[in-house]
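Give me a model of this one.
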Amino acid sequence: MQSSEQLAEQSAEQKPERPWWQFKPGQSGNPAGRRGAKDRVRAEAERLTEEFARRYGRAPDAFEADTIGNAALLRERLSKCSPADDESLVRLTNARDRCLRRLGMGQPPSREVAADVPWPTNYKMGGGK
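Sure thing, here's the model as predicted:
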């Protein structure tokens, strides 16, 4: 009977050598690794948590941590959204801004800026003809 070490050596000897362009077993194609969506969301959540702690001098409670997680996830979805899809961009941006405002970290819309925006001259109330 052969030991498991001898069997492993024989099977290793029998395998043909890989061509130079193929990766060796256990070797990654990207030495820096890949950053998946979960990693990006986690990094954004950690950044927002640190910002929250700096601003308020305490760690966020469970509700605040969930809101931070939602804001981080919305940012990731925003990064995947097509620029041609205006409606989704606006909805995701507004949802993320609401999350941040709940935490006191977002900038509420300024009434002065809204008052300075002129109405179109051809605008008619009621959509009449």
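
does residue 21 sit in a helix, a strand or a coil?
The local conformation at residue 21, judged by DSSP: H, G, I helix; E, B strand; the rest coil, is coil.

Begin at 855, not 1, for the rest of this chat.
Got it, the first residue is 855 from now on, which makes the last one we talked about residue 875.

burial measure for it, as a count.
Residue 875 has 5 neighbouring residues, counting by other CB atoms under 10 Å. Placement of C-beta: from N, CA and C, glycine included.

Quick check: phi and psi on it?
Residue 875 adopts backbone torsions of phi -90, psi -10, taken as degrees, to the nearest 10.

Need the pLDDT of it.
We note a pLDDT of 71 for residue 875 in this prediction.

residue ranges with poor pLDDT in this structure?
855-870, 880-889, 961-983 (pLDDT under 70).

what about the helices in it?
Secondary structure of the chain (DSSP state H): helices at 858-868, 891-910, 916-934, 940-956, 965-970.

which of these sits most buried?
Sort the helices of the chain by mean neighbour count, taking mean count of other CB atoms under 10 Å, and helix 916-934 sits at the top with a mean of 17.

which residues are in contact with that helix?
With contact meaning CB atoms under 8 Å, 6 or more residues apart in numbering, helix 916-934 is reached by 891, 894-896, 898-899, 902-903, 906, 914, 943, 946-947, 949-950, 953-954, 956-957.

let's go with 7 Å and repeat that
Outside helix 916-934, the residues that touch it by CB atoms under 7 Å, 6 or more residues apart in numbering are 891, 894-895, 898-899, 902-903, 906, 914, 946-947, 949-950, 953-954, 956-957.
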